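K.L.:
the following block contains a protein sequence and its predicted model.
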Amino acid sequence: MAKASFDPQEFRSALSTFTTGVTIITTRAENGDPVGITANSFNSVSLNPPMVLWSLDKSAMSLPSFTNNKHWNVHILSSEQEALSGRFASRGEDKFKGLDLEPGMNNIPLLRNCTARFNCRTAFIYEGGDHMIFVGEVLGFDKTDLPPLAFQSGLYALAARKPREGVQLSAAPTPECSYTEDLLGYLAGRAHFQMVATLQNVLKSQQLNEQQFFILSVLSIQDSLTLEEINQFVEYTGGAISAEDMASLIEQEHVVLVKKNGDSRYVLTANGRDASLKQIAVAKAVEEQIAKQIGHGDAEALKILLKRVIKATDLGLPDLWATKEENNAKKTAS
Ligand SMILES: Cc1cc2nc3c(=O)[nH]c(=O)nc-3n(C[C@H](O)[C@H](O)[C@H](O)COP(=O)(O)O)c2cc1C
């Protein structure tokens, strides 16, 4: 286990398995310029008196500012602040350019939209090898419900919470899962059908089925498609769409058939666009409701994982959100 001398890279890599949040720590230089760095060495020290710590590389350009100015703010970044973390992890450039700051205590810059923020005053500075350790007394703090950004093995991450026996993470208790219910395909399928149950009611009121919902959704993103192109976008659902299926959408005045350069292309009518917008609004409302129940952070983590599953099982279908030219280029390249 213990080694007499370490490979620095391996040591760093082992340390990075310790999953942390990400903070930006700000202060002001002697000339009044705002100063800030990204740091994940932040930790709590004491509740009473309230104290925190973090460590700063001795080679950091901001070192003189943090040793001269006793006041600094710690910002626990929210999951959407990855770009801000990147900006403050760069050296020298004007990291605050264009940022909308809040006036902070002692004129120390305060960043917005964070998960939590602490106003601190240096209590002690210790030397710790190639870093200086700042221990601060907490003078004030605030907190939001925004899910925090995490950092793990050199990559940004999201903190998806694991259920603990007897502790409810959300209004609905985590179900006991039998073996079968632990199959990913079953879980993804069941989640899909349960989520679209509300949408089904809307479709029923619009006298549309799920397949027609898919067609209208595709046309609302990429209008004016041939039957073959529509089929490419919905191929993953397993059911091919025929000209008869399209004829019923034409009859319901959701779609019209337009002849263009020798091709027959389906185009959404205003009626069809309205129906699709209503469906999308319902789908969004269902999603918001689920995010509220399971937590926005967990919902975001779930989306990332599902995107990875979709990529891992990609059938080589065209990208619905890419332009036709981009999709053609992808097709020729493969
Ligand atoms: C996620 C993350 C965490 C970091 N944590 C620290 C840290 O705790 N201490 C540190 O000195 N540098 C840390 N860094 C690196 C600094 O943010 C980086 O060196 C920055 O350029 C320093 O800015 P400065 O030279 O302008 O002071 C971290 C970088 C990232 C991306």
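P.N.:
Now that the structure is in, tell me what you want to look at.

K.L.:
how about the residues of this protein by the ligand?
P.N.:
22, 37-41, 54-57, 60-62, 85, 89-92, 151 (Cβ under 6 Å from any ligand atom). Quick note: C-beta positions are derived from backbone N, CA and C, even for glycine.

K.L.:
buried subset of these as a PyMOL selection?
P.N.:
Buried residues among the residues of the chain next to the ligand (16 or more other Cβ atoms under 10 Å), as a PyMOL selection:
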select buried, resi 22+37+38+39+40+41+54+55+56+60+62+85+151
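
K.L.:
where does residue 203 land in three-state SS?
P.N.:
Judged by DSSP: H, G, I helix; E, B strand; the rest coil, the three-state class of residue 203 is helix.

K.L.:
tell me the secondary structure for the nearest residue to it once chain neighbours are set aside?
P.N.:
Setting aside the residues directly before and after it, residue 203 is nearest to residue 213 in space (Cβ to Cβ, 6 or more residues apart in numbering), at 5.6 Å. State at residue 213, reduced to three classes by three-state DSSP: helix.

K.L.:
so residue 213 versus residue 224, what's the distance?
P.N.:
19 Å (Cβ to Cβ, to the nearest Å).

K.L.:
try residue 70
P.N.:
In terms of Cβ to Cβ, residue 70 sits 64 Å off from residue 224.

K.L.:
report the central residue of this structure.
P.N.:
Nearest to the mean C-alpha position of the chain, counting by Cα atoms, centre = their mean, stands residue 300 at 5.1 Å.

K.L.:
tell me the confidence at it?
P.N.:
Listed pLDDT for residue 300 reads 88.

K.L.:
do the same with residue 113
P.N.:
So residue 113 comes in at 97 (pLDDT).

K.L.:
follow-up on the earlier one: quick check: the residue nearest to the centre of the chain vs residue 146, distance?
P.N.:
From residue 300 to residue 146 the distance is 11 Å (Cβ to Cβ).

K.L.:
overlap in contacts of the two?
P.N.:
Counting by Cβ atoms under 8 Å, 6 or more residues apart in numbering, the shared contacts of residue 300 and residue 146 are residue 79.

K.L.:
give me phi/psi at residue 313?
P.N.:
The phi/psi pair for residue 313 (degrees, to the nearest 10) reads phi -110, psi 20.

K.L.:
what packs against the host helix or strand of residue 123?
P.N.:
Following DSSP states H and E, one finds residue 123 within strand 116-128. Counting contacts by 3 or more Cβ pairs under 8 Å, 6 or more residues apart in numbering; DSSP states H and E, strand 116-128 packs against strand 51-57, strand 71-76, strand 131-143.

K.L.:
what about the helices in the stretch 201-334 of the chain?
P.N.:
210-221, 227-234, 243-251, 270-294, 296-312, 324-333 (DSSP state H, counting those that start in this stretch).

K.L.:
who does the host helix or strand of residue 24 pair with, and is each partner parallel or antiparallel?
P.N.:
Assigned by DSSP H and E, residue 24 belongs to strand 23-28. Strand pairing for strand 23-28, using DSSP bridges, gives strand 34-39 (antiparallel), strand 71-76 (antiparallel).

K.L.:
point out the most buried one among the ones you listed.
P.N.:
Most buried of the strands paired with strand 23-28 by mean neighbour count (mean count of other Cβ atoms under 10 Å) is strand 71-76; its value is a mean of 24.

K.L.:
identify the residues contacting it?
P.N.:
Under Cβ under 8 Å, 6+ apart, the answer for strand 71-76 is 21-27, 42, 52, 54, 66, 104-106, 108-111, 114-122, 134, 136, 148.

K.L.:
now do the buried residues in stretch 241-254.
P.N.:
241, 245, 246, 249, 252, 254.

K.L.:
and which of the residues you listed is nearest to the ligand?
P.N.:
Comparing those against the ligand with Cβ to the nearest ligand atom picks out residue 241 as the nearest, at 47.2 Å.

K.L.:
can you give me the pLDDT of that closest one?
P.N.:
91.

K.L.:
how far away is it from residue 98?
P.N.:
When distance is defined by Cβ to Cβ, residue 241 is 47 Å away from residue 98.

K.L.:
and what of residue 7?
P.N.:
In terms of Cβ to Cβ, residue 7 sits 41 Å off from residue 98.

K.L.:
does whichever residue of the stretch 101-250 of the chain sits closest to the ligand count as helix, strand or coil?
P.N.:
Residue nearest to the ligand within the stretch 101-250 of the chain (Cβ to the nearest ligand atom): residue 151, separated by 4.6 Å. What three-state DSSP gives for residue 151 is strand.
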